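1. Sequence first, predicted model second:
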Amino acid sequence: METKMIIGIDHGNRNMKTANTVFSAAIQPLQARPDSLEHILEYQNQFYYVGGKVPEKECVDKTENENYYLLTLAALAQEMRCRGLTDASVKMGAALPPRRFQQQKESFKKYLLKTKELHFRYEGVHYHVSLENVFVFMQGHVVIHTLLEAVPGYCLLVDIGGGTTDLVEFVDGMPDGKYSISDKAALYCIGKVNEEAIAKTGAGVPAYITEAFMRTGSYDCPKQYQEVIKTCLKSYAEEIYGIIQANHYNLDLTKMVFMGGGSSIVEHFGANDGKDVQFVTDIHANARGCEEAVKSIIRAKQRKMRTA
């Protein structure tokens, strides 16, 4: 008998995230079966390398090619492996950026549901997934609504992703339809650090070092690079607050919830004193929020059936 499970997947521009895993949102077809099967997806007699360098631009429509479908298979395999399973009946929760949600939710659901009985191999292990259904939610909404129960009243969600920064207004946990977008996101910040390091020291800074600074606020490297990186990250945090002000929000009076991979920059390097700010720096937050949202839908249906 198949195990029934709920899996949330956050299809990011830079990373794929599930409740327990994260990996680079890059995939490359291979001409033949490789000697090592580490990071290798096999689907419909084709081999793919999962991971590596991600294109430094936002993917506007994730259904434009097969890449995010294949990355979804890898995400399912990685999450199922964490739960000790290779065969399961799955209800999937997925999320789209606020500005794309209304226009793309139906096409994204259709894209992910195009094959309901899935057979594939990941790192040499065979997986079978019976895909029962796919629920598509708005990124950020699932976090505000299901994970941050203590955010009543009005708040501004600031979601700093890889390709874009989204500002979304919420009232009592529900989006009120007002949102703004900026391309000054994590990839932009990483690029600025590299440019400034070249200008100041003559050499660039690898992205993984900047990302370590972003996550933790520090990294053990030569002092001249530390100074450049810290200055750039502090400047970027100021830019984010400037974007919020430019969209007519009063920083002294607005309750702000920061999330996304770039939110830790503002947490560690922003001028946050005196501001009503909350940080959701868990990179898995959207994926876990999707799972909780699916559970809520199932509970609501069960209550309706009992009272019918």
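-> Received, thanks.

2. sec struct for Cys221, please.
-> Following DSSP: H, G, I helix; E, B strand; the rest coil, the label given to Cys221 is coil.

3. the helices in this structure, which residues?
-> Ranges of helices within the chain are 67-82, 98-112, 141-142, 186-201, 207-216, 223-246, 263-269, 285-307, based on DSSP state H.

4. mean confidence for the second one?
-> Helix 98-112 carries an average pLDDT of 90.

5. What of the fifth one?
-> Averaging pLDDT along helix 207-216 yields 91.

6. picking that back up, with distance to Ser89 and mean neighbour count added, can I get the helices of the chain in TSV?
-> Quick note: C-beta positions are derived from backbone N, CA and C, even for glycine. Below are those laid out as TSV (distance: least, Cβ to Cβ, whole Å; neighbours: other Cβ atoms under 10 Å):
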stretch	distance to Ser89	mean neighbour count
helix 67-82	11	21
helix 98-112	15	17
helix 141-142	22	24
helix 186-201	35	18
helix 207-216	35	18
helix 223-246	42	17
helix 263-269	35	24
helix 285-307	13	17
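
7. Mind telling me which of these the model trusts least?
-> Lowest mean pLDDT within those: helix 141-142, a mean of 82.

8. Give me the residues contacting that helix.
-> Contact with helix 141-142 is made by Gly93, Ala95, Pro98, Val168, Phe170, Met174, Pro175, Asn286, Gly289, Cys290, Glu292, Ala293, as judged by Cβ atoms under 8 Å, 6 or more residues apart in numbering.

9. Please tabulate these in JSON lines, including the columns distance to Asn133.
-> Converted to JSON lines, those look like this (distance: Cβ to Cβ, whole Å):
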{"residue": "Gly93", "distance to Asn133": "10"}
{"residue": "Ala95", "distance to Asn133": "15"}
{"residue": "Pro98", "distance to Asn133": "23"}
{"residue": "Val168", "distance to Asn133": "26"}
{"residue": "Phe170", "distance to Asn133": "26"}
{"residue": "Met174", "distance to Asn133": "23"}
{"residue": "Pro175", "distance to Asn133": "23"}
{"residue": "Asn286", "distance to Asn133": "19"}
{"residue": "Gly289", "distance to Asn133": "17"}
{"residue": "Cys290", "distance to Asn133": "13"}
{"residue": "Glu292", "distance to Asn133": "16"}
{"residue": "Ala293", "distance to Asn133": "13"}
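
10. How about Thr115: what's its closest non-neighbour residue?
-> Distance criterion Cβ to Cβ, 6 or more residues apart in numbering; nearest residue to Thr115, sequence neighbours excluded, is Leu131 at 7.5 Å.

11. can you tell me which residues contact the one you found?
-> Listed by Cβ under 8 Å, 6+ apart, the contact partners of Leu131 are Val90, Met92, Leu112, Leu113, Thr115, Lys116, Glu117, Leu118.

12. so the fourth one makes contact with Val136?
-> Looking back up the chat, that one is Leu113. No: using Cβ atoms under 8 Å, Leu113 is not in contact with Val136, being 10.1 Å away.

13. quick one: which of these two has more around it?
-> Val136 (20 against 13; other Cβ atoms under 10 Å).

14. coming back round to it: which residues does the residue nearest to Thr115 form beta bridges with?
-> Following DSSP bridges, Leu131 is listed with bridge partners Val90.

15. now Thr165
-> Beta-bridge partners of Thr165, as defined by DSSP bridges: Ile160, Ser182.

16. give the contact list for it.
-> Val158, Asp159, Ile181, Ser182, Asp183, Lys184, Ala185, Ile240, Ile243, Gly260, Gly262.

17. Just give me the neighbour total for the nearest residue to the fifth one once chain neighbours are set aside.
-> It refers to Asp183. In space, and not counting its chain neighbours, Asp183 is closest to Thr164: 5.9 Å by Cβ to Cβ, 6+ apart. When neighbours are counted by other Cβ under 10 Å, Thr164 registers 23.

18. swap in Ile283?
-> 18.

19. does it really touch Asn20, like I thought?
-> No: judged on Cβ under 8 Å, Ile283 makes no contact with Asn20 at a distance of 11.2 Å.

20. Please report the distance of Glu38 from Lys91.
-> For Glu38, the distance to Lys91 (Cβ to Cβ, to the nearest Å) stands at 29 Å.
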